[in-house]
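**Q** Fold the following.
(3 chains)
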Amino acid sequence: MRRTLVDPKEFIQSGFTSPAEEYAVPDLRLDHLMIRDPEATYPARMQGKAMEKAGIAEGSYLLFDRGIDPKNGDIVYVWYDNEKLIRFYEKHGQKITLYAATPGYPSIQVESELKFIGVVTWANKCLCPRMFPLVKQW
Amino acid sequence: MLFNTFNIELQYRGTLCELDIREAYTSDGTRNFEIIQGGICILLMMFKNGLWSVYIVDDLHPVAKQDTEMFVTDELIELLTQAIKTYLDCLTGNKLS
Amino acid sequence: MVAIADCVGFYAAWHQSTEPWLQGVPVVSLSNNDGCMIALSPEAKALGASRTEPWHFVMDKYVPLGMVAYSSNYREYQAMNKRLMKILARFVPRLETYSIDECWMDMSGVQNLSTLVPFIINETKKLTGIQIRIGVAPTKTLAKVAIHLAKQDPTNSFIINNQSEIDTALQRVAVEDMWNVGRQYANMLHRNGIHTAARLAITPEWWVRKKMTVVGWRTQQELRGNVCLKLVEVMDPKKNIGVGRSFKKTTSDAQQLIDASTFYGYRLAEKLREEKLVATVLQVSLRTNKWKVDTAQHQPRRIFHLDTGINNMIDVTRYARHAIKSIIDENLRNKVSYKYMKIEVFASGLLPENENQIVINDSYAAGSKNRLSRVIDDINLQMGKGKVCFANNLKAWKHDNLEAYIMRQQYPSPKYFTDWNESPLLR
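**A** Below is the predicted model of the structure:
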């Protein structure tokens, strides 16, 4: 005949465990929110005002994800004409166009080789610089 | 069967080449030499009545056979016959005649 | 089936992956103090450059040809290596890290190798920008043969599946290009008419054992498709870790030596924590220039055996300073002075952090020191190296002073993975 044993762990702990323990989940971490795939996500930084109207101010810290295939309207990091560019991506047929968000920046019709590097997934701007003196300001 | 084994080094095609030679004594006066390369017997050399005859061993693995066919040239046979003769004549009492 | 993945000139490939304009450009990575070229991109190899050529002798030849050189950026290479390994581990059940740019992968039970392997190569390239090669075969030695053949294959991969593929592959590989066959053995094999791996595979076992010992025999068995070398999943933790460099100029200045010891003690602690190890033996040594025979030679060293393993910077730097001070005192007592060229702080008797034995009455102090170390790590990771450090270390981090004992790096590259302020700038 089988006997039912009390799990000693349960026995010892009973009465002492916090009821919240059953619902234990890790605390919020920015990584979880902002990084889809830690091995594919890389940091970058915004220089210039080309994307200011899209909410990317100069000096923003960016994250880009190499694992995402670009779709029309995505903000992408590309290498084109010897520059690291961040632009909106539009592809119709074989024709690729790169748009800036801020008026006054010409849109680029891609004619020579374009190297797609990643889709930009997040932009962060420090809003209280006095408390973060070591963040390099623009 | 009785064997006599010795080792020779030849300068062949610009590189040093190490061969083991095994002589098997036979009763009819023929002298048989097995040329062993890397543990594999590749050539059979027979000496009878002052004449040499040379055979590539039949049942070699295809890789070894291919290697051997590329390896064995008239030049090598010439070198080998001389080396064997020199060895036996000068260093043993068992002259080749 | 087992696969090996490697990366052509990994350090150079890292530079190419981070700077898009370097694609197709000959790139080399230089050793400490910019001495030799230690990693070459395929384009650099095509120019005829070879590893271990001293950079200063050949730079005039290669720079006009468009070659770009970088000082080694080991922290970054390590970070990329970690990513690479994690990405590769997604595709296979088991993985063994073999070196900074090579790993073994267990492929047993995989049905569709010919589609999986190119997929792994493409996916890795996409996520990291780094081109890898993969060789697959029934044994490790054969996988090494396969990856050798992958060099000549436009798909960057080579798969050896069955006996007839083994036979044809082995015919294409010279004995000196085989894994675990050193130059001595290769010469011996050539002397005995064994030029290809195929021929070694059919050589009688007794002969191989006699001439090449059991190591050679194992290689031969593996060439025949019999597994002798298994996948080792968990590598032994590092046996020892050392940091230290040559001074730019030899020195006998006490303050400079002490500063350097603090600096490298700090770096060593950092490394230990990164690897989640603690050291139970610390060794601090100084060395004079042994090539300069006309000067007095001195190689003092101090060794500390510790009850409890440490990896917090407070204790490590304390021991390092203590060692140097005692060496200087001894020299003063003996009224001698030496021109030191090199300092090294060396940790051994390494244990995993979580197996560290704690001496009871010491535990509280160590705990707070460890916590402090970790906070400092976090701050420095976010704000840039050396932003927070101990006052006795401050001088070392100040730039003008730093110059004196930090390795020469004339061709620095950004610390993309370790410093937020060096991220690539997009326009």
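**Q** quick one: pLDDT of C:Thr219?
**A** C:Thr219 carries a pLDDT value of 91.
**Q** Make sure it is indeed in a strand.
**A** No - C:Thr219 is assigned helix when assessed by DSSP: H, G, I helix; E, B strand; the rest coil, not a strand.
**Q** neighbours around the closest residue in space to it that isn't next to it in sequence, how many?
**A** Ranked by CB to CB, 6 or more residues apart in numbering or on different chains and with sequence neighbours excluded, the top spatial neighbour of C:Thr219 is C:Asn180, at 5.1 Å. Quick note: C-beta positions are derived from backbone N, CA and C, even for glycine. Neighbour count of C:Asn180, defined by other CB atoms under 10 Å in any protein chain shown: 15.
**Q** Then A:Pro129?
**A** Counted with other CB under 10 Å, the neighbours of A:Pro129 add up to 12.
**Q** Tell me the spacing between it and C:Asn380.
**A** A:Pro129 sits 20 Å away from C:Asn380, going by CB to CB, to the nearest Å.
**Q** Could you find the closest non-adjacent residue to the residue of the stretch 1-150 of chain C found nearest chain A?
**A** Residue nearest to chain A within the stretch 1-150 of chain C (CB to the nearest CB): C:Pro20, separated by 3.5 Å. Nearest residue to C:Pro20, sequence neighbours excluded (CB to CB, 6+ apart): A:Trp79, at 3.5 Å.
**Q** Return the set of residues that bridge with the one you found.
**A** A:Lys84, A:Lys115 (DSSP bridges).
**Q** which stretches of the chain form strands?
**A** Went with chain A since none was named. A:41-46, A:61-65, A:75-80, A:83-92, A:95-99, A:108-109, A:114-124 (DSSP state E).
**Q** I was after chain C.
**A** For chain C, the strands defined by DSSP E cover C:2-7, C:27-30, C:37-40, C:68-71, C:95-99, C:102-106, C:132-137, C:157-159, C:240-251, C:277-288, C:301-310, C:340-352, C:425-426.
**Q** quick one on the thing from earlier: does the residue nearest to C:Thr219 really touch C:Val214, like I thought?
**A** No - here C:Asn180 does not reach C:Val214: they are 11.5 Å apart, not a contact under CB atoms under 8 Å.
**Q** Straight-line length of stretch C:125-144, end to end?
**A** End-to-end distance for stretch C:125-144, by CA to CA, to the nearest Å: 21 Å.
**Q** quick one: average pLDDT of that stretch?
**A** For stretch C:125-144, mean pLDDT rounds to 94.
**Q** Residue 79: neighbour count?
**A** This is for chain A. A:Trp79 has 17 neighbouring residues, counting by other CB under 10 Å.
**Q** was after chain C, sorry
**A** Neighbours of C:Ala79 under the rule other CB under 10 Å: 16.
**Q** Save the strands of chain A as JSON lines, and put in distance to C:Val388 too.
**A** As requested, these are arranged in JSON lines below (distance: least, CB to CB, whole Å):
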{"stretch": "strand A:41-46", "distance to C:Val388": "21"}
{"stretch": "strand A:61-65", "distance to C:Val388": "20"}
{"stretch": "strand A:75-80", "distance to C:Val388": "31"}
{"stretch": "strand A:83-92", "distance to C:Val388": "31"}
{"stretch": "strand A:95-99", "distance to C:Val388": "41"}
{"stretch": "strand A:108-109", "distance to C:Val388": "43"}
{"stretch": "strand A:114-124", "distance to C:Val388": "22"}
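**Q** Let me have those strands in TSV, adding mean pLDDT and distance to B:Ile21 as columns.
**A** What follows is these, written out as TSV (pLDDT from 0 to 100; distance: least, CB to CB, whole Å):
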stretch	mean pLDDT	distance to B:Ile21
strand A:41-46	95	66
strand A:61-65	95	69
strand A:75-80	95	66
strand A:83-92	95	70
strand A:95-99	94	73
strand A:108-109	94	77
strand A:114-124	95	64
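**Q** residues in contact with the residue in chain A positioned nearest to chain C?
**A** Nearest residue of chain A to chain C: A:Trp79, at 3.5 Å (CB to the nearest CB). Applying CB atoms under 8 Å, 6 or more residues apart in numbering or on different chains to A:Trp79 gives the contacts A:85, A:114-115, A:117, C:20-21.
**Q** C:Leu40: which of the residues you listed is nearest?
**A** C:Leu40 has its nearest neighbour among the contacts of A:Trp79 in C:Trp21, at 18.0 Å by CB to CB.
**Q** neighbours around the closest residue to that closest one other than its chain neighbours, how many?
**A** Computed as CB to CB, 6+ apart, the closest residue to C:Trp21 that is not its neighbour in sequence is A:Asn82, at 6.2 Å. Number of residues near A:Asn82 (other CB under 10 Å) recorded here: 7.
**Q** And for A:Arg36?
**A** Residues near A:Arg36, counting by other CB under 10 Å, number 15.
**Q** so how far is chain B from the closest residue to it other than its chain neighbours?
**A** The shortest distance from A:Arg36 to any non-neighbouring residue, by CB to CB, 6+ apart, is to A:Asp65 (5.9 Å). For A:Asp65, the distance to chain B equals 51 Å [CB to the nearest CB, to the nearest Å].
**Q** contacting residues around the nearest residue to C:Ala198 once chain neighbours are set aside?
**A** Once flanking residues are discounted, C:Ala198 sits nearest to C:Leu170: 3.8 Å by CB to CB, 6+ apart. The contact partners of C:Leu170, by CB under 8 Å, 6+ apart, come to C:145, C:196-198, C:201, C:223.
**Q** quick one, phi psi at B:Tyr12?
**A** Backbone torsions of B:Tyr12, given as degrees, to the nearest 10, read phi -140, psi 130.
**Q** can you count the residues close to residue 116?
**A** I'll assume chain A. What A:Phe116 shows, counting by other CB under 10 Å, is a neighbour count of 16.
**Q** Hmm, no, I was thinking of chain C.
**A** Neighbourhood size, C:Leu116 [other CB under 10 Å]: 18.
**Q** hmm, back to that, my read is that the residue of the stretch 1-150 of chain C closest to chain A contacts A:Gly118, right?
**A** No - checked against CB under 8 Å, the pair C:Pro20 and A:Gly118 is beyond contact range at 11.3 Å.
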